[in-house]
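Q: Give me a 3D structure for the following:
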Amino acid sequence: MKSGNWVVLPFVLLVIMLSSALNINGQMKVGETLNYKITFGGILKGDARIQFYGKIASFAKYETLYVSTDCLMSDSTLKAVLVDSTNSETVIDSTEEKISGDSAIELQADSLVEVIPDSIKAVRTLVTNIYFITYNTHFIGNIYNLNASIYATDNFLPLLIETKIDRTGKTSYGRELFFPDRKMAIFSQNVENKQEIDTIFRKYPLQDITTLPFYLMNIDFDGVDTIEVSLAQGELKLHKVGKREVIIGEENFNTELVKSRPEELKVWLNRKDRLPIKVEINKQKIKMYFKSKEVNGAIDNKLLGINKEKIKVKLSHIINNM
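A: Take a look at the predicted model:
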């Protein structure tokens, strides 16, 4: 297939990672657990526990292209293909993280490619890492409890969220499928065998209100005045208000306050490590206050229990649309 001045031969590989994972943009470590005090609806009080399991899968999309020398030199995702006298091909300066082996699965391939005159054959590698996070809340009296399994990219952009919510004797199960390239999401909820499904399109790739404060950890608000994000509830414009001192218990935090327009969300980011120290969500009247951080060394062992085939099925909406 053709793409602009490039001729593209794409195929996609999925690699299931069952080993210790990389940090998420250098911010979160494998096994790191964040504990928060939380109030909901202005009445309910409880605790929230967010645990980072690390990278569990990678999608590598390889495209064979014929490009100019200038294009090859300026694009770090492109690597030249050297053809010797026996017609054997070698990719020069391959990517640092190799996606190969028995766990690599070819998902799509084309057999036709057109050569552009005075061009160089190259391979582009685009890697998407998938991280697993759990988000659990427990309120006094067990009136409302949430257990969420979150599959997200390096910058906390959600791809899949599975939820179990217990409300005073009733249990509901939810599934949120995010399609970043299509700027859409499908939300489904099952309560007492009754299912509701809603498909939402937005201006930007959809975020989730639970992961958005952590997505902001990677935004340099000194370099931009405003960023725009999309939620199921609507569009938000986020901007830095300025430095704020936050006192929680006996601890003082030097933070950066980020607010949204309309005023739906406020996040106080620790200037030291960018962790959300305080979060306020207006519509649901949710307030979260940082309590403690710990590292669970047993997380790596738990990764060994992750089923490869189940991951492929869960993330098929992403794999099949690459």
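
Q: going forward, measure contacts between C-alpha atoms and count neighbours the same way
A: Will do.

Q: Now do the SS call for Leu216.
A: Following DSSP: H, G, I helix; E, B strand; the rest coil, we place Leu216 in the helix state.

Q: Quick check: pLDDT value at it.
A: Per-residue confidence (pLDDT) for Leu216: 92.

Q: check contacts around it.
A: If you count contacts by CA atoms under 8 Å, 6 or more residues apart in numbering, Leu216 has none.

Q: now swap in Ala152 and tell me
A: 130-133, 158-160.

Q: out of those, who has the most neighbours?
A: Tyr131 (28 neighbours; other CA atoms under 10 Å).

Q: Which strand or helix spans that residue?
A: strand 120-139 (DSSP states H and E).

Q: Could you pull out the helices in the stretch 151-300 of the chain for me?
A: Remark: helices assigned in the stretch 151-300 of the chain by DSSP state H, counting those that start in this stretch are 212-215, 299-303.

Q: Pick out the shakiest of these, pLDDT-wise.
A: Confidence, taken as mean pLDDT, is least for helix 299-303 of the helices of the stretch 151-300 of the chain (a mean of 59).

Q: Could I have the CA atoms of whatever helix or strand comes next after that one written out in PDB?
A: Next helix or strand after helix 299-303 toward the C-terminus (DSSP H and E): helix 308-314. C-alpha atoms of helix 308-314 as PDB (Å, rounded to 0.1, in the frame of the first residue of the first chain):
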ATOM      1  CA  LYS A 308      -0.500 -15.100  27.100                       C
ATOM      2  CA  GLU A 309      -3.600 -16.200  25.200                       C
ATOM      3  CA  LYS A 310      -5.900 -14.100  27.400                       C
ATOM      4  CA  ILE A 311      -3.700 -11.000  26.900                       C
ATOM      5  CA  LYS A 312      -4.000 -11.500  23.100                       C
ATOM      6  CA  VAL A 313      -7.800 -11.800  23.300                       C
ATOM      7  CA  LYS A 314      -8.200  -8.900  25.700                       C
END
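
Q: what about the protein, any weak spots by pLDDT?
A: Along the chain, the model assigns pLDDT under 70 to residues 1-28, 81-118, 297-308, 320-322.

Q: Pop the domain breakdown of it in here.
A: Under the assignment automatic domain parsing, the domains of the chain span 2-8+59-128, 9-58+129-317.

Q: Of the ones you listed, flag the one that's most buried.
A: Mean neighbours per residue, mean count of other CA atoms under 10 Å, is largest over these for domain 9-58+129-317, with a mean of 17.

Q: Off-centre distance for that domain?
A: Relative to the centre of its chain, domain 9-58+129-317 is centred 9 Å away, using CA atoms, centre = their mean, to the nearest Å.

Q: strands paired with the helix or strand containing Phe59, and their directions?
A: Using DSSP H and E, Phe59 sits in strand 44-67. Strand 44-67 has its sheet partners listed here by DSSP bridges as strand 9-16 (antiparallel), strand 32-40 (antiparallel), strand 120-139 (antiparallel).

Q: Now render the ones you listed as TSV, adding distance to Phe59.
A: Shown next, in TSV, are the strands paired with strand 44-67 (distance: least, CA to CA, whole Å):
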stretch	distance to Phe59
strand 9-16	5
strand 32-40	24
strand 120-139	5
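
Q: so which of these comes closest to Phe179?
A: strand 120-139 (13.5 Å; CA to CA).

Q: any idea how far the closest one is from the chain center?
A: The answer for strand 120-139 is 6 Å, by CA atoms, centre = their mean.

Q: just to revisit the earlier point, with Ser260 as the reference, name the closest of the strands paired with strand 44-67.
A: Here strand 32-40 is closest among those (CA to CA), at 19.6 Å.

Q: Output the closest one as CSV, nothing but the C-alphas.
A: The C-alpha coordinates for strand 32-40 follow below in CSV (Å, rounded to 0.1, in the frame of the first residue of the first chain):
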residue,chain,number,x,y,z
GLU,A,32,5.4,0.4,43.1
THR,A,33,2.2,0.9,45.0
LEU,A,34,0.6,4.3,45.7
ASN,A,35,-1.8,4.6,48.7
TYR,A,36,-4.3,7.5,48.9
LYS,A,37,-7.0,8.6,51.3
ILE,A,38,-10.2,9.2,49.3
THR,A,39,-13.6,10.7,49.8
PHE,A,40,-16.5,10.1,47.4
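
Q: gap between the two ends of stretch 253-272?
A: 9 Å (CA to CA, to the nearest Å).

Q: How about residues contacting that stretch?
A: 213, 217, 236-247, 275-283.

Q: what do you get for stretch 224-242?
A: Under CA under 8 Å, 6+ apart, the answer for stretch 224-242 is 200, 202-209, 221, 256-262.

Q: what does stretch 182-193 give?
A: Contacts of stretch 182-193 (CA under 8 Å, 6+ apart): 170-179, 195-206.

Q: got it, and stretch 129-149?
A: By CA under 8 Å, 6+ apart, stretch 129-149 touches 44-59, 150-154, 161-168.

Q: at 6 Å instead, please
A: 45-58, 150-153, 161-168 (CA atoms under 6 Å, 6 or more residues apart in numbering).

Q: what's the first-to-last distance across it?
A: 16 Å.
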